[in-house]
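> Output the structure for:
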Amino acid sequence: NMLKHLKLIESETKRCGDIVKGLLDFSRKGQDGFEQKHLHEILLDTFELLAHTMKIKDIHFISDLSAKQDFIFCSPNQMKQAFLAILVNATEAVAGNGEITVRTMNPDDEKIRIEFTDNGLGIAPEDIPHIFEPFFSTKEKSSGIGLGLSIVHGLVQSHQGKIEVKSERGIETIIAINLPLITTKL
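Numbers count the residues shown, from 1 in each chain. This next block holds a predicted model:
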């Protein structure tokens with residue numbers, strides 16, 4: 001039994017290490033390592049990394065990937081890091097009856113929009129303008145945002161995307177990312 005616990009601790013430690021390693025993998029800046037990729041595939045890979053955490057924390061996770069077009073030019077690795085950071089923040093913000101939803105849609109023929117919604121603590125209105133600043137954290141006020149979002153902001157910008165945040169204290173937080181699609185106009 002002890003051994004089982006140790007094995008679990010070991011695998012959890014390794015998994016956390018992988019997540020951290022993923023988040024620190026920023027040496028490849030710029031358009032290096034960019035390729036054409038289906039965004040939904042990247043999202044599904046990211047969900048897999050967090051499935052275990054969600055289960056342990058008893059978070060209700062819903063994904064509704066209904067964008068018809070999801071082909072983008074990106075660094076899959078960097079995108080995964082960005083999505084991971086957003087979802088890790090969300091898992092830290094929700095408490096009992098936690099719910100996290102990820103939706104995709106095409107607002108027009110040239111964009112895909114990904115919305116991450118959680119029913120966690122929310123972000124105070126006065127904090128929203130600052131959440132993309134490096135090391136701005138409301139952790140002591142327990143709303144769980146650290147370096148993560150400034151990195152996400154940088155990554156979304158390097159992918160010619162836009163990121164928006166809407167939040168209502170104690171109700172929900174929505175982080176939305178719009179990215180340009182590869183449009184094959186003939």
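
> Name the spans of this protein whose pLDDT lies under the cut-off.
Low-confidence segments of the chain (pLDDT under 70): 18-32, 135-148, 184-186.

> Please name the nearest non-neighbouring residue to the residue at minimal distance from the centre of it.
Nearest to the geometric centre of the chain sits Phe83, at 2.4 Å (CA atoms, centre = their mean). Nearest residue to Phe83, sequence neighbours excluded (CB to CB, 6 or more residues apart in numbering): Thr46, at 4.3 Å. Where you see a C-beta, it was placed from the backbone N, CA and C, and this is true even at glycine.

> Contacts only, for that neighbour.
80, 83-84, 87 (CB atoms under 8 Å, 6 or more residues apart in numbering).

> circling back to that earlier point, am I right that the residue nearest to the centre of the chain is in a helix?
Yes. Membership of Phe83 in a helix is supported by DSSP: H, G, I helix; E, B strand; the rest coil.

> Isn't it up against Ile42?
Yes. With contact defined as CB atoms under 8 Å, Phe83 reaches Ile42; the gap is 7.1 Å.

> Verify the assumption that the residue nearest to Phe83 is located in a strand.
No. Counting by three-state DSSP, Thr46 is not part of a strand but helix.

> What strand or helix carries Phe132?
In this structure, Phe132 sits in neither a helix nor a strand according to DSSP states H and E.

> ugh, wrong one, I meant Leu121
Per DSSP H and E, there is no helix or strand for Leu121.

> I'd say it and Ala93 touch.
Yes. Leu121 lies in contact with Ala93 (CB under 8 Å); the separation is 5.2 Å.

> The residue nearest to the centre of the chain and Ile9, how far apart?
Phe83 sits 26 Å away from Ile9, going by CB to CB, to the nearest Å.
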